[in-house]
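Engineer: Generate a structure from the sequence data that follows.
(one chain, ligands or ions: 2)
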Amino acid sequence: MERPTPTGGPAFEPERVQVFVVEQLEADPESGRAQLHYRFDDGPRFTEHLDFGPRRVADPALDEGFLAALRLVHLVAGVSYYKAALPPVVEVQGPALGPAVERLAQAVYDQGLRELKLRNGLPVEQAPVFRATGGRSPEQPGPTGGPPPPPPPGLGIPVGGGKDSALVVAALRESDPVLLSVNPPPAARRVAAAAGLPLVEIRRRLDPELLVLNQRGAWNGHVPITAVVALVAVAAGYRLGYATTVLALESSADEPTRLVAGPDGRVVAVNHQWSKSRELEPLLGAALVETLGPAVSVRSALRAVPELDVAAAFATLPEYHRAFLSCNRAFVAGAEDRWCGDCPKCRFVFLALAPNLPPEELAGIFGRNLLDDPSQLAGFAALLDPEDKPFECVGTRGESAAALAALAEQPRWAGASIVAQLAPRARALAEASGPWPWRPASPEAVLGAVREAVGLEATGARRGA
Ligand SMILES: CC(=O)N[C@H]1[C@@H](OP(=O)(O)OP(=O)(O)OC[C@H]2O[C@@H](n3ccc(=O)[nH]c3=O)[C@H](O)[C@@H]2O)O[C@H](CO)[C@@H](O)[C@@H]1O[C@H](C)C(=O)N[C@@H](C)C(=O)N[C@@H](CCC(=O)O)C(=O)O
Ligand SMILES: Nc1ncnc2c1ncn2[C@@H]1O[C@H](COP(=O)(O)OP(=O)(O)OP(=O)(O)O)[C@@H](O)[C@H]1O
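Structural biologist: Residues are numbered from 1 along each chain as shown. Ligands and ions are numbered 1, 2, ... in the order given. Below is the predicted model:
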């Protein structure tokens, strides 16, 4: 008997699917449009559309690299559709994958989906086997040898609209970076405008069939989206004229959201932010070298900077304060362009900025003082709790604790109800796991660290627009 579904259609039974097929890639370097085709062995088929817009660098010699980068996008972006059934085999129609590309794909399709598997009650470790249908890889050096010609040196900064990429933009704006955004939210446009730089808008459209399948019983949950965005930005570099993609990935992304027991008693980390973590970085780097050569890279500009230092530096850039928006609920299709004021991301960003700004100013940005709202106690407490840390892009538990403990020492914040209630617990946790006592790095040091991370001299970092 068929399972009923919310749409009334036939149920989709993920367990019946055995193979996910990464089919052909259609791409037109002239227009910048690409179609990424996929299917399950018994259907349905999916097509994801990408539109990079017009070229800024009209050099046909770069098309080869653009297409090679798009093949990586095709492979990694397939994770959105693969996740609907999580079958044991991924068949790639085309040449054998290089070893580094295969390692990247395996990690993305396994580690990148651990949150989804945990939250759906599935075994968290489950890497599919990748098999290619055959032929020589276009990326394997042929008789003429060598990787495709790289784009010109230069920096491309993907802008999500949050404080992290806004800080990176502020630190690097004098170096003439290209700012780009995938399906830009209004906040990304505002951040670019605050920096006085144009924003290149790249369009990505998921196959609507995926949403239908979700209604019919497909597995659904978080996907390693930053890995997809990073590779789209690498491909865009061949059209926009930069070889270095600069992401705003911070050290707190390395803290697992949960530690769970694996089948053999091992501890397995499940990290909502896995595709922003130091674990993915070398896998991505090696796959880029193997496919595109050593001149093309992705850098994590905030890796050496703790979230509280990111926030302290961002607090000194008022021209971005009415531009940025880090609330992920605002980025869901059809949502309002504002801080919802009641989600883990709003709470963490408010908390991280609070030691550096007066309550009235922060309440002006967020619409209200979240730390003086007793109904948010459980939400703030969860930021400190290893069993309850939200599956969201929030700082480490130690950072949340240090921020709360620091606020208790500031007369302007000490009386706020959440601070008063959580400060003793927070102080104990901060003292035990640090950073405590917390002393923010100077904004100049943070902006300098960003510049150094992308190979520029730290000195001369200019702040603001
Ligand atoms: C905006 C957001 O947070 N969306 C997450 C949410 O999805 P929801 O159903 O509420 O709305 P949509 O984002 O419109 O997604 C509709 C469906 O499409 C699937 N999907 C979306 C994008 C994609 O690239 N592939 C997809 O398959 C999605 O699963 C929905 O079924 O909940 C979803 C389930 O947990 C999340 O997958 C959605 O997250 C988006 C992929 C997203 O862009 N999220 C970023 C804001 C985000 O979480 N960034 C991370 C970065 C860490 C990382 O790279 O993993 C962060 O801020 O922590
Ligand atoms: N739609 C997008 N287009 C381009 N880049 C994006 C997009 N969404 C996220 N990114 C980039 O992916 C990386 C991780 O995103 P993340 O949400 O952590 O950062 P953010 O938006 O800069 O800041 P915050 O953490 O405050 O929201 C960042 O470098 C961000 O700029």
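
Engineer: From now on I want contacts and neighbour counts done on CA atoms only, so please keep to that.
Structural biologist: OK.

Engineer: centroid residue for the chain?
Structural biologist: The centroid of the chain falls nearest to Thr226 when counting by Cα atoms, centre = their mean (2.9 Å).

Engineer: mind listing what it touches?
Structural biologist: Applying Cα atoms under 8 Å, 6 or more residues apart in numbering to Thr226 gives the contacts Ser275, Lys276.

Engineer: in what helix or strand does it lie?
Structural biologist: helix 225-240 (DSSP states H and E).

Engineer: That helix: what's the following helix or strand?
Structural biologist: Downstream of helix 225-240 (by DSSP H and E), the next one is strand 244-250.

Engineer: in the helix or strand that that following strand is followed by, what's buried?
Structural biologist: With elements assigned by DSSP H and E, the helix or strand that comes after strand 244-250 is strand 258-261. By neighbour count with 16 or more other Cα atoms under 10 Å, strand 258-261 contains the buried residues Arg258.

Engineer: From ligand 2, how far out is Val79?
Structural biologist: Taking Cα to the nearest ligand atom, to the nearest Å as the measure, Val79 falls 17 Å from ligand 2.

Engineer: which one is that residue nearest to, not counting chain neighbours?
Structural biologist: What sits nearest to Val79 in space, not counting adjacent residues and going by Cα to Cα, 6 or more residues apart in numbering, is Tyr109, at 6.0 Å.

Engineer: Let me know how buried that neighbour is, in neighbour terms.
Structural biologist: By the measure other Cα atoms under 10 Å, the count of residues near Tyr109 is 26.

Engineer: now swap in Pro184 and tell me
Structural biologist: 20.

Engineer: Looks like it contacts Pro158 (just checking).
Structural biologist: No - counting by Cα atoms under 8 Å, Pro184 does not reach Pro158; the two are 9.9 Å apart.

Engineer: Quick one: name the residues of the chain near ligand 1.
Structural biologist: 80, 220-226, 272-276, 328-329, 331-333, 392-393 (Cα under 6 Å from any ligand atom).

Engineer: before we move on, back to that, which pLDDT value belongs to the residue nearest to the centre of the chain?
Structural biologist: Per-residue confidence (pLDDT) for Thr226: 97.

Engineer: for the one 4 residues further on, same thing?
Structural biologist: Here, the pLDDT recorded for Ala230 equals 98.

Engineer: Surely it touches Thr245?
Structural biologist: Yes - using Cα under 8 Å, Ala230 is in contact with Thr245, at 7.4 Å.

Engineer: any common contacting residues for those two?
Structural biologist: In contact with both Ala230 and Thr245: Pro158, Val298, using Cα under 8 Å, 6+ apart.

Engineer: Next, work out how far apart Ala195 and Asp254 are.
Structural biologist: 29 Å (Cα to Cα, to the nearest Å).

Engineer: Kindly apply the preceding question to Ala408 instead.
Structural biologist: For Ala408, the distance to Asp254 (Cα to Cα) stands at 27 Å.

Engineer: So the two - more neighbours on which side?
Structural biologist: Higher neighbour count among Ala408 and Asp254: Ala408, with 24 against 21, using other Cα under 10 Å.

Engineer: My read is that that one contacts Ala414, right?
Structural biologist: Yes - with contacts defined as Cα under 8 Å, Ala408 counts as touching Ala414 at a distance of 4.3 Å.

Engineer: more crowded one of Ala230 and Thr245?
Structural biologist: A direct count of neighbours by other Cα under 10 Å for Ala230 and Thr245 places Thr245 higher, at 27 against 22.

Engineer: Residues of this structure that sit close to ligand 2?
Structural biologist: With the criterion set to Cα under 6 Å from any ligand atom, the chain comes near ligand 2 through 158-165, 181-184, 226, 229, 247-249, 326.

Engineer: And Ser181, how far from Cys393?
Structural biologist: Ser181 is 19 Å from Cys393, where distance means Cα to Cα.

Engineer: Read off the pLDDT value for the residue in the stretch 1-150 of the chain that ligand 1 sits nearest to.
Structural biologist: Nearest to ligand 1, among the residues of the stretch 1-150 of the chain, is Ser80, at 3.9 Å (Cα to the nearest ligand atom). Among the per-residue scores, Ser80 holds a pLDDT of 98.

Engineer: One more: Gly9?
Structural biologist: pLDDT recorded at Gly9 is 70.

Engineer: and it, which of the three is it?
Structural biologist: In the three-state summary, Gly9 is assigned as coil, counting by DSSP: H, G, I helix; E, B strand; the rest coil.

Engineer: what helix or strand is the nearest residue to Leu104 once chain neighbours are set aside on?
Structural biologist: Spatial nearest neighbour of Leu104, chain neighbours left out: Leu283 (5.3 Å); criterion: Cα to Cα, 6+ apart. Per DSSP H and E: Leu283 is located in helix 280-292.

Engineer: So which bits of that helix are buried?
Structural biologist: Within helix 280-292, the residues that qualify as buried are Leu280, Glu281, Leu283, Leu284, Gly285, Ala286, Ala287, Leu288, Val289, Glu290, Thr291, Leu292, counting by 16+ other Cα under 10 Å.

Engineer: OK, contacts around the last one?
Structural biologist: If I follow you right, that is Leu292. Counting by Cα under 8 Å, 6+ apart, Leu292 makes contact with Gly65, Ala68, Ala69, Glu139, Pro147, Pro148, Pro150.

Engineer: which of these count as buried?
Structural biologist: Taking 16+ other Cα under 10 Å as the criterion, what is buried in those is Gly65, Ala68, Ala69, Glu139, Pro147, Pro148, Pro150.

Engineer: The residue in the stretch 351-465 of the chain positioned nearest to ligand 1: neighbour count?
Structural biologist: Among residues of the stretch 351-465 of the chain, the one nearest ligand 1 by Cα to the nearest ligand atom turns out to be Cys393. It sits 3.4 Å away. Using other Cα under 10 Å, Cys393 has 20 other residues around it.

Engineer: Having no further points to raise, I will conclude here.
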